[in-house]
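Asks: here is my input, please return the structure:
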Amino acid sequence: MRRLPVQQEASNTLNFNELATDIKRWGRELGFQQVGITDTDLGEHPEHLANWLDKGFQANMEWLREPKRVDPEALIPGTKRIISLRMDYLPAEPRIHEILNDGNRAYLARYALGRDYHKIIRKRLQHLADRIVAAVGPFGYRAFVDSAPVLEKALASKAGLGWMGKHTVILNRSAGSYFFLGELFTDLPLPVDTPVTNHCGSCQACIDVCPTKAIVAPYTLDAGKCISYLTIEYRGVIPVELRRAIGNRIFGCDDCQLVCPWNRYAQASQEAAFTPRHAFDGPPLLDLWAWDEATWLKQTEGMPLRRMNYPSWLRNLSIALGNAPQSAAILTALQARKQSLADSGQLDDVLAEHLDWAICQQQLTLR
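Replies: Next comes the predicted model:
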């Protein structure tokens, strides 16, 4: 992205209130459901992050300690405002309960079923920046989509897009929480929006439903217990005591969102790119287990699923197959894959541990 100074003479004559109104309209025309604007003061959020890190709840994500994460002006010098935008991703037929309740099928977080949102939203942000340039001339900006040390949920909250729920996900009264966030850092002195108030009240449905009890207190998530972290970010051995709770979730988890009362207002996405690819919308576990790495790479091309790697894919499937209803076919498939990986020298210690566990679980249920 370009980094250009605002032309001083032009900035003195601009009506920034009108420009902010235009930016919000352009954002909606580009497929964003809401646009808000905030300054660079993150309020209490940096302190909350520091306390969270001090307690070790970041697991092995040490990159979250980057100081620039809590200082937008240090990240992009000259930044005066952040334009925060949200885009819905919920499929028209999410079928969450249907898939989660069938232990022979694979569940993947609903955000990950279509094309990679990073590329889609970043391109839309560039289009928005181009419209601003066309209206006011060159200005300083930088676009982000979950791709840099940006405290995006804090920014979205300050920009009025919603409030931080007890599950640490942004909630919106008219849209729930099934949406992506993107940001455009800018040196334009735009008027800022007012944050909305918190409407979680006494509800703690998200805390109660978490399969691994990762939400250890309201607004506090222990990433080391979170299924999304364990199945996506983490590459090591998943603790034995958490494997049963993971069930058939092989990439992420939506349970805390699923039970949230505000998601009764969630809107189905109108983005064709987010339409679930058939191969991943509740497929049989054994179908996915049969894929070799070349097939996995082909099937996941251009998808958020590439955030994991193939060994982690097999690790996660191993847990799901170990949790599946007893089946001689599953046991045979697990044993055959273990042998073929061993024969080819591709059976590392992490995968072997999970395969052995899954085989043991199936053997126990078949006795």
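Asks: residues contacting Leu297?
Replies: Tyr310 (CB atoms under 8 Å, 6 or more residues apart in numbering). Placement of C-beta: from N, CA and C, glycine included.
Asks: next SSE downstream of the helix or strand it falls within?
Replies: Using DSSP states H and E, Leu297 maps to helix 293-299. Next along the chain after helix 293-299, taking DSSP H and E as the criterion, comes helix 310-323.
Asks: need the contact partners of that following helix.
Replies: Contacts of helix 310-323 (CB under 8 Å, 6+ apart): 103, 106, 231, 234-235, 238, 243-244, 246-251, 285-286, 288-289, 293, 296-297, 305, 308, 330, 333-334, 337, 348, 350-351, 354-355, 357-362.
Asks: from those, which land in helices?
Replies: Using DSSP state H, the members of the contacts of helix 310-323 that fall in helices are 243-244, 246, 285-286, 288-289, 293, 296-297, 330, 333-334, 337, 350-351, 354-355, 357-362.
Asks: how far off centre is the helix holding Leu297?
Replies: When distances are taken as CA atoms, centre = their mean, to the nearest Å, helix 293-299 is centred 22 Å away from the chain's centroid.
Asks: with stretch 88-106 instead?
Replies: Its chain's C-alpha centre and that of stretch 88-106 lie 17 Å apart, by CA atoms, centre = their mean.
Asks: and if you look at stretch 67-81?
Replies: Its chain's C-alpha centre and that of stretch 67-81 lie 23 Å apart, by CA atoms, centre = their mean.
Asks: again, but for stretch 178-188
Replies: With CA atoms, centre = their mean, you get 15 Å for stretch 178-188.
Asks: ok, back up a step: list the buried ones in the helix holding Leu297?
Replies: Within helix 293-299, the residues that count as buried by 16 or more other CB atoms under 10 Å are Trp296.
Asks: average pLDDT for that helix?
Replies: Helix 293-299 carries an average pLDDT of 97.
Asks: for stretch 216-232, same thing?
Replies: 98.
Asks: likewise for stretch 112-119?
Replies: Regarding stretch 112-119, the rounded mean pLDDT is 96.
Asks: just stretch 137-149 next, same as before
Replies: 95.
Asks: show me which positions of that stretch end up buried.
Replies: For stretch 137-149, burial by neighbour count (16+ other CB under 10 Å) applies to Phe139, Gly140, Tyr141, Arg142, Ala143, Phe144, Val145, Ala148, Pro149.
Asks: may I have it as CSV, with CA atoms only?
Replies: Extracted in CSV, the C-alpha atoms of stretch 137-149 (Å, rounded to 0.1, in the frame of the first residue of the first chain):
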residue,chain,number,x,y,z
GLY,A,137,-6.3,13.5,-3.8
PRO,A,138,-3.4,11.5,-2.4
PHE,A,139,-3.4,10.8,1.3
GLY,A,140,-1.6,8.5,3.7
TYR,A,141,-3.1,5.1,4.3
ARG,A,142,-2.4,1.4,5.0
ALA,A,143,-4.9,-1.5,4.9
PHE,A,144,-4.9,-4.4,7.3
VAL,A,145,-6.9,-7.6,7.5
ASP,A,146,-5.8,-9.8,10.4
SER,A,147,-2.3,-9.5,9.0
ALA,A,148,-0.2,-7.3,11.3
PRO,A,149,0.1,-6.2,15.0
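Asks: circling back to that earlier point, generate a PyMOL selection restricted to the buried entries among the contacts of helix 310-323.
Replies: Restricted to buried positions by 16+ other CB under 10 Å, the PyMOL selection for the contacts of helix 310-323 reads:
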select buried, resi 106+231+234+238+243+246+247+248+249+250+251+285+286+288+289+296+305+308+330+333+334+337+350+351+354+355+357+358+359+361+362
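Asks: got the domain boundaries for this structure?
Replies: Here the domain assignment for the chain is 1-279, 284-367, based on automatic domain parsing.
Asks: so which residues of the chain form strands?
Replies: Ranges of strands within the chain are 34-38, 81-88, 107-108, 141-144, 163-164, 170-171, 179-186, 215-217, 220-221, 249-251, based on DSSP state E.
Asks: which helices and strands sit right next to the first one?
Replies: Strand 34-38 is packed against helix 16-29, strand 81-88, helix 152-158, with contacts defined by 3 or more CB pairs under 8 Å, 6 or more residues apart in numbering; DSSP states H and E.
Asks: who are the packing partners of the second one?
Replies: When you say that, I think you mean strand 81-88. Strand 81-88 packs on helix 16-29, strand 34-38, helix 117-136, helix 152-158, strand 179-186, going by 3+ CB pairs under 8 Å, 6+ apart.
Asks: what's in contact with the first one?
Replies: When you say that, I think you mean helix 16-29. Contacts to helix 16-29, defined as CB under 8 Å, 6+ apart, come from residues 34-35, 37, 83, 85, 128, 131-132, 135-136, 188-191.
Asks: select from these the one having the most neighbours.
Replies: In terms of neighbours by other CB atoms under 10 Å, these top out with Leu85 at 30 neighbours.
Asks: just the pLDDT for that residue.
Replies: 98.
Asks: and what of the one 4 residues further on?
Replies: In the predicted model, Tyr89 carries a pLDDT score of 98.
Asks: quick one on the thing from earlier: could I get the buried residues of stretch 137-149 as TSV with distance to His199?
Replies: Formatted as TSV, the buried residues of stretch 137-149 follow (distance: CB to CB, whole Å):
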residue	distance to His199
Phe139	35
Gly140	35
Tyr141	32
Arg142	32
Ala143	30
Phe144	27
Val145	27
Ala148	30
Pro149	29
